[in-house]
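J.: Give me a model of this one.
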Amino acid sequence: MTITRREFLAVASAAPLMAAHAPLRPVVIAKADSYSTGLVGTLRVMFDQLGGLAPKVRNKTVTIKLNLTGSPALKFEGKALSLTHYSHPRMAGALAHLLNEAGATRIRFVESCWGTAGPLEEYLLDSGWNVRQLQSISSKIEFENTNAIGKGKRYLRHSVPGGGFIFPAYELNHSYMDTDVFVSMAKLKDHATCGITLSMKNIFGITPASIYGDDAGIDDPNEAPTKGRLKVCHFGERQPARIAPAENDPASSRAAGHRMPRITAELNAARPIDIAIVDGIETVTGGEGPWIKGISAVKPGVLLAGFNAVSTDAAAAAVMGYDPRATRGTAPFEKCDNTLLLAEQLGLGSADLKKIPILGVPISEARFAFRRP
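T.: Numbering: from 1, shown residues only. Here you go, the predicted structure:
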């Protein structure tokens, strides 16, 4: 992985500041064969091993970023979306139950829904979720589609410490600042462009398409976006709406394998994850969704959780059979830079398994090779 002089200076200035907020914390791994029974108990034990949920969430607003990538109309082999590439509603329900039990005052589920700025509840219904059942868990539960301004009065700017690799700051839906605890609920998956998509890559989806989408406004946001973020975030073919800061260097590489890992890392610096959850009970290998040719449905039967996203994703990568410190050109980062190493350079945490305490099931017992010989 190569790094420019400007990136080096950004890393050098940001890392000492960020390191103080990113102590090496343990990651818990657990076996889980099914979504139908035992999820609440399994997650409760995992969080107890991490020191408990109550000290982190009591009397606080908790925002959970779901992983609902791609249109609900795109299914793989006719399977339920939540059994392949979407977050599972029972995972969301189990977490909501535990957050309510631990004394959270507000539990907000969010996602920047593909192709729409409509209510998240409708998107969830289209995705096969029983929204009423989820709401019945607690009166504290609410929903927000962060693809546009939503229920907020204005977008809020999140600056990247050190100035960022690609963008110096991001304009985001109010939900990402109007919260005390931020949770990334991700799937254990490969990614065609970033190698792997875990808790940190899930945060790529917090950018509103109204500002960063292909049909975003030029000056002001387009509050009715219908497209993705390919032109702005993936390939840099256009700048975001002028309400947001433009790129640091419009002459930098336009390759998605360069841009997306850097945007992911700096988004995590601008909006750090407080709790990372990676669901590998049932998922897909070979890519992030059914639009990628050659994916396969698999059942690794594993869950991971941690209070540091870099360390949690490093452990998850190892469970997948990958070296979390692999450099560009080595699986799974053959055509991209390693987001984990970029985040590590920003001082967000460690991807060194030798330094990460692993609790629960050892990696060697949880390993499920995502690439078969």
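J.: C-alpha from now on. contacts and neighbour counts both.
T.: Will do.
J.: Can you name the next helix or strand after the lowest-mean-pLDDT helix or strand in the chain?
T.: When the helices and strands of the chain are scored by mean pLDDT, DSSP states H and E, helix 5-19 comes last with a mean of 52. Heading C-terminal from helix 5-19, the first helix or strand you meet, by DSSP states H and E, is strand 27-31.
J.: helices or strands up against that following strand?
T.: Strand 27-31 is packed against helix 39-49, strand 302-306, helix 309-319, strand 358-360, helix 363-366, with contacts defined by 3 or more C-alpha pairs under 8 Å, 6 or more residues apart in numbering; DSSP states H and E.
J.: Of the ones you listed, which is nearest Ala241?
T.: Proximity to Ala241, assessed across the helices and strands packed on strand 27-31 by C-alpha to C-alpha, is greatest for helix 309-319 (29.3 Å).
J.: now the strands for the stretch 1-150 of the chain?
T.: Under the criterion DSSP state E, counting those that start in this stretch, strands of the stretch 1-150 of the chain are mapped to 27-31, 61-65, 106-111, 141-145.
J.: Give the partner strands of the second one in its sheet and their orientations.
T.: Sheet pairing of strand 61-65 (DSSP bridges) gives strand 106-111 (parallel), strand 181-187 (parallel).
J.: if we can go back for a sec, tabulate the strands of the stretch 1-150 of the chain (JSON lines), appending mean pLDDT and distance to Gly118.
T.: Converted to JSON lines, the strands of the stretch 1-150 of the chain look like this (pLDDT from 0 to 100; distance: least, C-alpha to C-alpha, whole Å):
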{"stretch": "strand 27-31", "mean pLDDT": "98", "distance to Gly118": "36"}
{"stretch": "strand 61-65", "mean pLDDT": "98", "distance to Gly118": "17"}
{"stretch": "strand 106-111", "mean pLDDT": "98", "distance to Gly118": "11"}
{"stretch": "strand 141-145", "mean pLDDT": "98", "distance to Gly118": "7"}
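J.: ok, back up a step: please identify the most buried of the strands paired with strand 61-65.
T.: Comparing those by mean neighbour count (mean count of other C-alpha atoms under 10 Å), strand 181-187 ranks first with a mean of 25.
J.: Just give me how far it sits from the chain centre.
T.: On the basis of C-alpha atoms, centre = their mean, to the nearest Å, strand 181-187 is displaced by 6 Å from the centre of the chain it belongs to.
J.: cool, stretch 59-77 as well?
T.: Using C-alpha atoms, centre = their mean, the offset of stretch 59-77 from its chain centre is 10 Å.
J.: Could you do stretch 361-372 as well?
T.: That offset, for stretch 361-372, works out to 21 Å (C-alpha atoms, centre = their mean).
J.: can you check stretch 227-235 too?
T.: 17 Å.
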